[in-house]
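J.: okay, here's the prediction I keep looking at, along with the sequence it came from:
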Amino acid sequence: MNQLSITAAMNIRPVRADDTLLMQTFLQGLGDESRRHRFHGAVNVCSSGLLRLMTCADGSRHVAWVVVGTAPGGPRLLGEARFFRDAGGDEAEMALAVADDCRGQGVADRLMQTLVAAAGARGVQRLRAEVELSNQRMRAFVHRHGFAETKAAVDAESGVLTLVRAVADLRRGRLH
């Protein structure tokens, strides 16, 4: 897919339980390094538990979006993004992945904009990104989207960097 066709064909929508096959195909299509960066280790992308987690968001505590494009064989997931709210509800951990062949074409930017707006609409005050130190591309991406390292930013044992950004409260009549 070239950039023009990806941009024109981008349909961003909440993930649905019936996206299981699309999600499985998407996850299997990620390269080994992309999959490791997304999940911070090796995962079985065909496990029913993982597929259920990736496709059954409740829209409040777990909010997830997908970008669906068209391919010769039918619909295809180009990317996915989500956040999980912490117990207190004002902070959420986010995650995002884009198909290897669709990177650099605006898919991640659109997903991040959607996630930030969804977080603000639900009263999330901070989004947190846990990024592997070796994932330079994602580190640069989240920095461009307003994330900054926290004081205790690096977990040396796991090699993960924590970055946080404030989210504007988009609920009507509410201020943080």
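T.: Yes, it's here.

J.: going forward, measure contacts between C-alpha atoms and count neighbours the same way
T.: OK.

J.: can you pull the contacts of the closest residue to D86 other than its chain neighbours?
T.: Using Cα to Cα, 6 or more residues apart in numbering and skipping the chain neighbours, the partner closest in space to D86 is A92 (5.5 Å). Residues near A92 by Cα atoms under 8 Å, 6 or more residues apart in numbering: 83-86, 124, 126-128.

J.: do that again at 6 Å, thanks
T.: A92 is in contact with 83-86, 127-128, counting by Cα atoms under 6 Å, 6 or more residues apart in numbering.

J.: which one of those sits closest to S34?
T.: Top of the list for closeness to S34, among these and by Cα to Cα, is F83 at 18.5 Å.

J.: can you count the residues close to that closest one?
T.: 27 (other Cα atoms under 10 Å).

J.: on that earlier part again, E132 versus the residue nearest to D86, what's the distance?
T.: Plainly put, A92 is 18 Å away from E132 if you go by Cα to Cα, to the nearest Å.

J.: which residues are contacting the strand or helix carrying L161?
T.: Following DSSP states H and E, the helix or strand that holds L161 is strand 160-166. Strand 160-166 has contacts (Cα under 6 Å, 6+ apart) with 125-133, 146-150, 153-154.
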